[in-house]
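[1] I would like the atomic coordinates for the input below:
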Amino acid sequence: MNQTRRHILIIRRLLCLILLGIGLMTLSSACSADARKERALDRANRLFDQQQFQHAEIEYMNVLKLDPANPVALRNLGLIAYAQGRVMRALAILNEARKLQPNDAEVQLRLAQCLQAIGAAPPARQHAVEILDAQPANAEALRLLVDASQTPEDLADAVKRLDGLRATMGDTADFHLAWGLAQLRLGDLDAAEKAFRTALARDAQSSAAHIGLGNAFRQRNQLDNAASEYKIAAQLAPKYSPHPLHYVDFMIGQTNLEAAAAALAPLIKATPDYLPVQIRSARVSLLAGRYQECEQTLKKVLASDPAHVDALLMQAQLALAKGDQTGAIAALEDLVKQYPMVARFHYELALAQFRNGAPTDTVLRRLDEALKLKSDYTEAVLLRAGLSIQANNPARARTLLEDLIEREPGNKNAQILLATAQHALGNTDAAIEMLDRTAEANPDDPQIPFRAGLLLREGGRHSEAEKKFMAALAVDPAFLPATEQLVELDLIANRLDSAVNRAETAAAANPQVAAAQILLGRVQFALKNYAAAEEAVAKAIQLAPDTREPQLLMARIHAAAKRPSAALAILDQWVARHTNDVPALLEIAQIHMNSTNYPAARDTCEKILQLDPGFVSVLNNLAWMYAEHLGDLKRAHELASKARSRAPENPAVADTLGWILYRNGDYAGALALLRQSASQLSEHPEVLFHLGMAAYMTGDETLAKSALTKALNSSAAGEWEREARSKLRILEIDPASATTEALAALEPALQDAPEDPILLDRIATLAERQQAWNKSLDLSQRALLINSNLQSALVRIARLNAGPLNNHQRAMEFAQRARKANPDDPYATHILGKLAYTSAASASDFQWAHSLLSEASRRLTANPDVLFDYAKAAYAVGRTSDAVDAMQRVAQSQSANATAARTFIELDSLLKNPAGAGNAGDLVQQTLKSDPAHLPGLMLSGHLQVQNGNLSDAQNTYEHVLKRYPAFWPVLKQLALLNFGNTNNAAKAYEYARLAREAAPQDPDLARVLGWLEFDRGEYARAAQLLTEARNANPNDTETLYRLGIAQYRLRRIDQGKETLSRALELAPESALAAEARRLLDQE
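    Just a heads-up that it's a prediction; the model follows:
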């Protein structure tokens, strides 16, 4: 082998070695990474199995650095987050893990439980259904299915599914546990207890069964038994179990914060990374007022899980507790936006809005959203029911509470609230019976008989209320609210010695209790024993120097003793330390108002509104100050409107806004509000004065007189008394009956009150009576500038223009305005009807005029002018009998129209009795000379022309009547009869008869004429119908019988035709139609 070849071989070998080395290096590196991942995964799994979750999480994260899609690491990281209560982190990771392992039932179950934990019940239930479709006996999924069933339909479906498993699982603890949960949801506590006890018989270590029993006992209000079961469950539960938290939550609910903290301590020590325990610890701190401690715990939770919804929610609650309502509400609104399907967030937002004084409707809408998502949300139901009672809808509250009590028979809060609703509905006895039953079930709770006493006292049943308050004291002799009520009842009954004795006894028995000293101070204050009151309250301040109530009471004592400076000094010192204390600021504002220092009172109230923008009483009082004392009606209206939007049923607010509207000249708007206010404050003289003035300015004189009289009859008349008497003097002058002298005496008053619409109206009446038409018009128009709907002025302007001023268009305009302003005013209706009649050009115009005048005549039955105008309109639409009846009443009156009425009646009588009409020519001529449009005169003129054979003149007269009175159907009848016998005018006769028939379908003469004409036209079916009517009216009318019989033959009604024609031949055998009749009869 030569040298060159040897080199080539060496190089090749060397290259292979190099390549092999590189390959081995690469292989070594890959093997090293896989090895590290496997080692990390193995360590993580061991730590996971040992529940060393913090260390396991680190190792799983190392695995994911090497293999980002490792299914085991993702799965177990999600399960760790779930176990630690890091719900939002668990949701995110488990979602990803499920994508990699969609058939992993545990991943899906924990994912569903996370959804249920944040209140997203519908998707949680769907997951439970999917798991159970694959694993019907999955115990946790069964329990989740029941918990997540929010609607009655879903719950029924869950029960049905459970029932279907009875054959295969019916003897297991898991089945009975799920069955008990379902029965608990259905409200069958006996069945639930039985199921949980059966579960315990199958598995004595089941902490879940003990929790179920605890829930059943709690709903029965057997609280000691409930606490015992929760405690056993806590002892049996493993690490990282939520079961011990039921005992903690129960103790928090019972406000036993010490017991809750004691139960939390070992849990925090054993599982410091279990966030639900930390959340409960924060809750205890919050309720105990340890806000900084609560805040630190929440920071720790959010550092571990920044999206932890319970922590975020509690941050908002902490802000509320610290007085930051705006921040709390903003945080809750963000939570609702992020998680709109979580009922709890909607409820907490509603609660925050309620505490911040939001409008009731706003709070109710938010609560309804919560209840839509979770219909059995107890806290939401209770708040919704309470607000419904406040909003005067106790029936809605009763429905909600009855449903809740059916589910939770032992819920005493629901029972107390339901009793309140029953009382609001007027069922006080039923309410007391309910509270008595609740007291029997809760013999150690003095609140229940105390509530019964409050309801009885509110209903004025003081002796019964006193017994209930005594019953509360029998349960707890130190229950001061009951003693306070007894003291107040003593004061009401003027049992002053008893009131003082009770208060002194309570203060002596509780020398170190500030509330007892406050009670004694309140009694002495009520008795105006200011020195004794001051002494008692000073002791209370020593005992509770940082408590508001004694400070405010001391300020009131100084104010009542006419020491406002001392009162303000106390309050200023308090507010310096408690800058946002609204009740103290209210006291300051009240003292300034009582001292007429309105600028200072305004500034204090404005500060209160900065702290609480929805404070209704402050909005209302500040609005009043701006309107009455500070001269700013615009700001007053703004504040009063805001108060009204927040308290639409509040009568004081309605009075304030109503009076501000009055001051702004909106009298109609003011009257509507002041009616509401006075209906609820009917004994308040100033409210009645406001109502009377608004009624006065709108022209409601009856209401004005009543309200002002009642206000002046009160013993508490104020600065408004002089104005009220002045208006009453004007109202007492009736313009219809007052003498000219009495009305003239009002004119000087116009100089002092040039914008008084009633005064202007009274003097306008005088001017009209004196025929000073233009002066009356001017005064009426001035009155309308003040009150554009003043009815009497509108009617007068219409009347003046319709009469002496002769401006028909203007008269019609004002008559229509008067009718629109007050459709029930018969005078406006009369003048509008009269104008409509005189200007009528069509049948519908006459019908409208008749409708208006008919309405006016029904209201003004004794007014001959109205009856006269009505009679003319009634006659013009063919209601001649009604017209004559009305004219007879006019003829019997002393009216200027009595003679015209008698002429009208006489002419109508001649029309109805043609035999006597021959000598009526002079009367007709005379009548038509004075009134060319006189309808009975025109009709009688036509009749006389027919009698005299002047048929062409008659035709013209009747056509003139039809043109002038197109709704007067009797003239159509006369025209039809006039043209009926003339074959050249058959078409005219037919059209007149048809139109007349439409107006008078029961007239037999028209039936005869139209029947003959239809017969001649060959319309036998219609002819037979009309001729039958005519025959029935006049059975011996032979010509009608002939035509009817022939028509019946033409219609193949042979038997009817034979009978009719036989009768016709019998009566008139020589008729021109006799031959045709015989021919037809012979055919048969």
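[2] and the residue nearest the centre of the protein?
    Asp361 (8.2 Å; C-alpha atoms, centre = their mean).
[3] which pLDDT does the model give Ala439?
    Listed pLDDT for Ala439 reads 91.
[4] coming back round to it: list phi and psi for the residue nearest to the centre of the chain.
    For Asp361, the backbone dihedrals (degrees, to the nearest 10) come out as phi -60, psi -40.
[5] tell me the spacing between it and Asp368.
    10 Å (C-beta to C-beta, to the nearest Å). Yep, even glycine has a C-beta here, placed from its N, CA and C like the rest.
[6] try Leu681
    32 Å.
[7] how about Asn787?
    From Asn787 to Asp368 the distance is 43 Å (C-beta to C-beta).
[8] helices of the stretch 401-550 of the chain, start to end?
    Per DSSP state H, counting those that start in this stretch, the stretch 401-550 of the chain carries helices over the ranges 412-424, 428-441, 447-458, 462-475, 480-492, 496-509, 514-526, 530-543, 548-560.
[9] and the shortest one, what does it pack against?
    For helix 447-458, the contact count by 3 or more C-beta pairs under 8 Å, 6 or more residues apart in numbering; DSSP states H and E identifies helix 412-424, helix 428-441, helix 462-475, helix 480-492 as packing neighbours.
[10] just how off-centre is that helix within its chain?
    29 Å (C-alpha atoms, centre = their mean, to the nearest Å).
[11] and it, average pLDDT?
    On average, helix 447-458 scores 92.
[12] please apply the same query to stretch 653-663.
    pLDDT averaged over stretch 653-663 gives 95.
[13] do the same with stretch 362-370
    Stretch 362-370 comes out at a mean pLDDT of 91.
[14] now do it: everything it contacts.
    343-344, 346-347, 349-350, 353-354, 377, 380, 383-384, 387-388, 391 (C-beta atoms under 8 Å, 6 or more residues apart in numbering).
[15] and those, which two are furthest apart?
    Arg344 and Ala391 (23.4 Å; C-beta to C-beta).
[16] who has more neighbours out of the two?
    Neighbours were counted for Arg344 and for Ala391 using other C-beta atoms under 10 Å; Arg344 has more, 20 against 16.
[17] buried residues, stretch 178-197. List them.
    Across stretch 178-197, burial judged by 16 or more other C-beta atoms under 10 Å covers 178-189, 191-196.
[18] same thing with stretch 404-416?
    Leu404, Ile405, Arg407, Glu408, Gly410, Asn411, Lys412, Asn413, Ala414, Gln415, Ile416.
[19] leaving out chain neighbours, which residue sits closest to the last one?
    Think Ile416. Nearest non-adjacent residue to Ile416, counting by C-beta to C-beta, 6 or more residues apart in numbering: Arg451, 5.4 Å away.
[20] likewise for the fourth one?
    Counting by C-beta to C-beta, 6+ apart, Gln219 is the residue found nearest to Glu408 once chain neighbours are left out, at 4.5 Å.
[21] the one you found against Gly410, yeah?
    Yes: if you go by C-beta atoms under 8 Å, Gln219 and Gly410 touch, sitting 5.0 Å apart.
[22] how near is the residue nearest to the centre of the chain to Leu373?
    In terms of C-beta to C-beta, Asp361 sits 19 Å off from Leu373.
[23] what of Gln1083?
    For Gln1083, the distance to Leu373 - C-beta to C-beta - is 88 Å.
[24] neighbour count for these two, which is higher?
    Remark: of Gln1083 and Leu373, Leu373 carries more neighbours, 22 against 8, as counted by other C-beta under 10 Å.
[25] show the pLDDT at that one.
    In this model, Leu373 carries a pLDDT of 85.
[26] contacting residues for it?
    Leu373 neighbours (C-beta under 8 Å, 6+ apart): Gly119, Ala121, Gln150, Met341, Val342, Ala343, His346.
[27] same thing with Gly289?
    By C-beta under 8 Å, 6+ apart, the residues touching Gly289 are Ala321.
[28] give the helix, strand or coil label for it.
    coil (DSSP: H, G, I helix; E, B strand; the rest coil).
[29] and the pLDDT for the nearest residue to Arg635 once chain neighbours are set aside?
    Spatial nearest neighbour of Arg635, chain neighbours left out: Tyr626 (4.8 Å); criterion: C-beta to C-beta, 6+ apart. Per-residue pLDDT puts Tyr626 at 96.
[30] Tyr626 and Lys634, how far apart?
    Distance from Tyr626 to Lys634, by C-beta to C-beta: 8 Å.
[31] okay, these two: which has more neighbours?
    Taking neighbours as other C-beta under 10 Å, Tyr626 and Lys634 compare with Tyr626 leading, 23 against 11.
[32] if you count surrounding residues, which of Asn787 and Asp368 has more?
    Counting neighbours by other C-beta under 10 Å for Asn787 and for Asp368 shows that Asn787 has the greater number, 23 against 14.
[33] who's in contact with the more buried one?
    Per C-beta under 8 Å, 6+ apart, neighbours of Asn787: Tyr667, Met697, Thr698, Gly699, Pro757, Ala793.
[34] let's see 7 Å
    Counting by C-beta atoms under 7 Å, 6 or more residues apart in numbering, Asn787 makes contact with Tyr667, Met697, Thr698, Gly699, Pro757.
[35] check the last one and give its pLDDT.
    Here, the pLDDT recorded for Pro757 equals 92.
[36] number of nearby residues for Gly669?
    17.
[37] name the next helix or strand downstream of the helix or strand that contains it, please.
    Following DSSP states H and E, the helix or strand that holds Gly669 is helix 667-680. Helices and strands here follow DSSP H and E; after helix 667-680, the next one along the chain is helix 685-698.
[38] elements contacting that next one?
    Here helix 685-698 touches helix 651-663, helix 667-680, helix 701-713, helix 721-731, going by 3 or more C-beta pairs under 7 Å, 6 or more residues apart in numbering; DSSP states H and E.
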